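Student: pasting the structure only:
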């Protein structure tokens, strides 16, 4: 029942030795998702032992190079390694044209099919849906069309308290009703589902807010998330620069987490001008104490239990 | 009087943790050249302390991703760092279209001018010329149009033996003639240039042979070079695969170096299937003893003296 996020790169537009361009690897119950794919992502996946070839869904938030330039090399390596399963890419529409231009000049055809899903920058939209989870995109405020992504498990049905099944000699049909929060009559006795079942797994949620300036509009999309990643390119004394470049400060990221009633915040996308990022979490924690500064290779797990 | 080559990446098509995609940094008397620019080159330059912003000339041998995918991020970083000097790119013609497609979708304009020089895949051609050196391209045999590059210092004129200037009371005009290997009459005495001058610096040469199958046609372009870099993607027991993919084995690389009468060979572009590359230099040295196996960060200097 894994829900595990690995930060592959937490750098800003200019990569440094310690902080590579943006990319994240998310494993939700063995579904593997790649979120953004900056230059060098394939090597970062090797470095942090993220299963390279098991990704079926790639989400690209926007078309600034530090968020997508690694996709060409990554897809090419998948091809050389013999992949033939389809791969889904959710990205701004122009990316597919660029992928085709690359393949055309390299005289290359992939042995797998790319199923391309263009992002909608105007509204909250469901991109992915299966029996245990969903992924949504939501527009964020940056200098080019950009989306964040919300990963959300579905709530599972209630669980039977095992002893009660024997004790009350429950039929399969009754169990089905009780797990589905319905009361039910057994041998003339009304049984309240609350007395014989307990809560199932909760729905774990992760919101990736991409590159974005401070904008409270996103709060309605991500309210009450367990984990939020919000960029913090600058410290507060460079707020003007943040506004100008449509990025955020650490304090602004924390304010979004606070107002969204998130349980935990990870900040990243630190500008290359900062050698140390200690001051970032210090500034953020003044507003929202549950803040972690990302580093390349940082892994965060969300527990399944209520 | 530097002539220093740094291997930024010696990996094959699929990068590994130890061996990044192809790229080399060449410093000839403070002219800095970048040869190929695989994914992650900008970070490798930082890692090996190669002056990032001092490159004015980039040479791209061919349009397979492992040789050029780093150029988009590298140029973008140069731009963010405030570069406004022109940059020269020598590459297959399609690259400029791809660069324009990238800039167009990222809604980006560089603050510097790209002077683009399309490569000629049919003949040996001079790409660059200044008072101390020249660069030439030459066609090699690979699965897409590909060029190698020859970097060549010009031979400097002869040097006066200082004591002779005073001793013979030579005029500036006479010195000029003597350094230019002409005999000359001074005060009625014929002076042989050999008696009063010594050899100037020799012309140091480096041949980068790019990705190539074994093909003796390149020998005429690179004969007698000081240093040759030839790819060795496979070991000899995978010669068939080398032929099929238009790559070379270590033995084949060594045979080219031997027949070209090179002084020194560096082999690289090792396939990701090999963890250790020890066997590569072993196989190559059986043919050509002056072989070095490249590793990321390996630096090779050519001395100026005769």
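Tutor: Cool, got the structure. Bear in mind that the values here come from a model prediction, so they are computed numbers and not experimental data. Residues are numbered from 1 along each chain as shown, chains lettered A, B, ... in the order given.
Student: List the buried residues of the host helix or strand of residue A:283.
Tutor: Following DSSP states H and E, one finds residue A:283 within helix A:278-285. Within helix A:278-285, the residues that count as buried by 16 or more other Cβ atoms under 10 Å in any protein chain shown are A:280-281, A:283-285. C-beta: built from backbone N, CA, C; applies to glycine.
Student: Tell me how far residue A:195 lies from residue A:201.
Tutor: As judged by Cβ to Cβ, to the nearest Å, residue A:195 and residue A:201 stand 20 Å apart.
Student: quick one, which of the two is more surrounded?
Tutor: residue A:201 (17 against 11; other Cβ atoms under 10 Å in any protein chain shown).
Student: Residue numbers of the stretch 151-300 of chain A in contact with chain B?
Tutor: Not one residue of the stretch 151-300 of chain A sits near chain B, judged by Cβ under 8 Å from any Cβ of the partner chain.
Student: Which parts of the stretch 151-300 of chain A are helices?
Tutor: A:162-168, A:172-179, A:193-196, A:219-222, A:239-245, A:250-259, A:278-285 (DSSP state H, counting those that start in this stretch).
Student: Can you give the distance from the first one to the centre of its chain?
Tutor: For helix A:162-168, the gap between its own C-alpha mean and the chain's C-alpha mean amounts to 40 Å (Cα atoms, centre = their mean, to the nearest Å).
Student: can you check the second one too?
Tutor: When distances are taken as Cα atoms, centre = their mean, helix A:172-179 is centred 34 Å away from the chain's centroid.
Student: repeat for the third one
Tutor: What separates the centre of helix A:193-196 from the centre of its chain is 35 Å, taken as Cα atoms, centre = their mean.
Student: where's residue A:162 relative to residue A:170, distance?
Tutor: 11 Å.
Student: which of the two has more neighbours?
Tutor: Using other Cβ under 10 Å as the criterion, residue A:162 and residue A:170 rank with residue A:170 on top: 19 against 9.
Student: and the closest residue to the more buried one other than its chain neighbours, how many neighbours does it have?
Tutor: Of all residues not flanking residue A:170 in the chain, residue A:186 sits nearest, at 6.4 Å (Cβ to Cβ, 6 or more residues apart in numbering or on different chains). Per other Cβ under 10 Å, the neighbour tally for residue A:186 reads 14.
Student: again with the one 3 residues further on
Tutor: Close neighbours of residue A:189, defined as other Cβ under 10 Å, add up to 8.
Student: picking up where we left off before, if I read this right, the residue nearest to residue A:170 contacts residue A:173, doesn't it?
Tutor: No. Counting by Cβ atoms under 8 Å, residue A:186 does not reach residue A:173; the two are 10.1 Å apart.
Student: Confirm residue A:5 sits in a helix?
Tutor: No. Counting by DSSP: H, G, I helix; E, B strand; the rest coil, residue A:5 falls outside a helix, being strand.
Student: isn't residue A:185 right next to residue A:192, touching?
Tutor: No. The criterion here is Cβ under 8 Å, and residue A:185 misses it with residue A:192 at 11.1 Å.
Student: any residues touching the helix holding residue A:283, and which ones?
Tutor: A:232, A:235-236, A:249-251, A:253-254, A:265, A:267, A:270, A:274, A:291-293 (Cβ atoms under 8 Å, 6 or more residues apart in numbering or on different chains).
Student: wait, which of the residues you listed is closest to residue A:110?
Tutor: residue A:270 (34.1 Å; Cβ to Cβ).
Student: gap between that closest one and residue B:75?
Tutor: 22 Å.
Student: try residue A:174
Tutor: 68 Å.
Student: When the two are compared, which one has more neighbours?
Tutor: residue B:75 (24 against 20).
Student: Identify the residues contacting that one.
Tutor: Applying Cβ under 8 Å, 6+ apart, the residues near residue B:75 are B:87, B:99, B:110, B:114.
Student: buried set for the host helix or strand of it?
Tutor: Element membership of residue B:75, judged by DSSP H and E, is helix B:71-80. For helix B:71-80, the neighbour count (16+ other Cβ under 10 Å) marks B:71-79 as buried.
Student: and stretch A:269-282, how far from the chain's centre?
Tutor: 22 Å.
Student: now stretch A:212-230
Tutor: The answer for stretch A:212-230 is 12 Å, by Cα atoms, centre = their mean.
Student: can you pull the buried residues of it?
Tutor: Buried-residue list, stretch A:212-230, by 16+ other Cβ under 10 Å: A:212-215, A:218-219, A:221-222, A:225-230.
Student: Tell me which two of the residues you listed sit farthest apart.
Tutor: Within the buried residues of stretch A:212-230, A:213 and A:226 form the most distant pair, 24.1 Å apart (Cβ to Cβ).
Student: doesn't residue A:2 make contact with residue A:301?
Tutor: Yes. Assessed by Cβ under 8 Å, residue A:301 is found in contact with residue A:2 at 7.3 Å.
Student: Next, the contact list for residue A:222, please.
Tutor: A:138, A:148, A:150, A:207, A:209, A:228, A:260, A:262.
Student: so residue A:231 sits right up against residue A:268, yeah?
Tutor: Yes. Taking contacts as Cβ under 8 Å, residue A:231 lies within contact range of residue A:268: 6.4 Å.
Student: Next, the distance between the ends of stretch A:181-193.
Tutor: Counting by Cα to Cα, to the nearest Å, you get 6 Å between the two ends of stretch A:181-193.
Student: Excluding covalently adjacent residues, which one is nearest to residue A:301?
Tutor: Leaving aside its chain neighbours, residue A:301 sits nearest to residue A:4 (5.0 Å; criterion: Cβ to Cβ, 6+ apart).
Student: all helices for the stretch 1-150 of chain A, in order.
Tutor: A:41-47, A:65-68, A:71-80, A:94-105.
Student: Of all the ones you listed, which one comes closest to residue B:133?
Tutor: helix A:94-105 (30.6 Å).
Student: Show me which positions of that closest one end up buried.
Tutor: A:94-95, A:98-99, A:101-103, A:105.
Student: Dihedrals phi and psi, the residue located most distally from the centre of chain A?
Tutor: Centroid-distance maximum for chain A: residue A:188 at 49.0 Å, with Cα atoms, centre = their mean. Backbone torsions of residue A:188, given as degrees, to the nearest 10, read phi 80, psi 0.
Student: list the contacts for it?
Tutor: Contacts of residue A:188 by Cβ under 8 Å, 6+ apart: none found.
Student: what about it, distance to chain B?
Tutor: 69 Å (Cβ to the nearest Cβ, to the nearest Å).
Student: For residue A:147, give me its contacts.
Tutor: Counted by Cβ under 8 Å, 6+ apart, residue A:147 has contacts A:61-62, A:119-121, A:137-140, A:210.
Student: Now, of those residues, which are buried?
Tutor: Buried among the contacts of residue A:147 (16+ other Cβ under 10 Å): A:61-62, A:119, A:121, A:137-140, A:210.
Student: from those, which two are the most distant?
Tutor: Checking these with Cβ to Cβ, the most distant pair is A:62 and A:138, at 12.8 Å.
Student: could you point out where chain A is predicted with low confidence?
Tutor: A:306 (pLDDT under 70).
Student: so what are the domain limits for it?
Tutor: With domains defined by automatic domain parsing, chain A comprises A:3-156+A:201-301, A:159-198.
Student: would you turn those domains into JSON lines with distance to residue B:16?
Tutor: Output for the domains of chain A, formatted as JSON lines (distance: least, Cβ to Cβ, whole Å):
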{"stretch": "domain A:3-156+A:201-301", "distance to residue B:16": "7"}
{"stretch": "domain A:159-198", "distance to residue B:16": "45"}
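Student: Single out the most deeply packed of these.
Tutor: domain A:3-156+A:201-301 (a mean of 20; mean count of other Cβ atoms under 10 Å in any protein chain shown).
Student: and the end-to-end length of that one?
Tutor: Chord length of domain A:3-156+A:201-301, first to last residue, is 6 Å (Cα to Cα).
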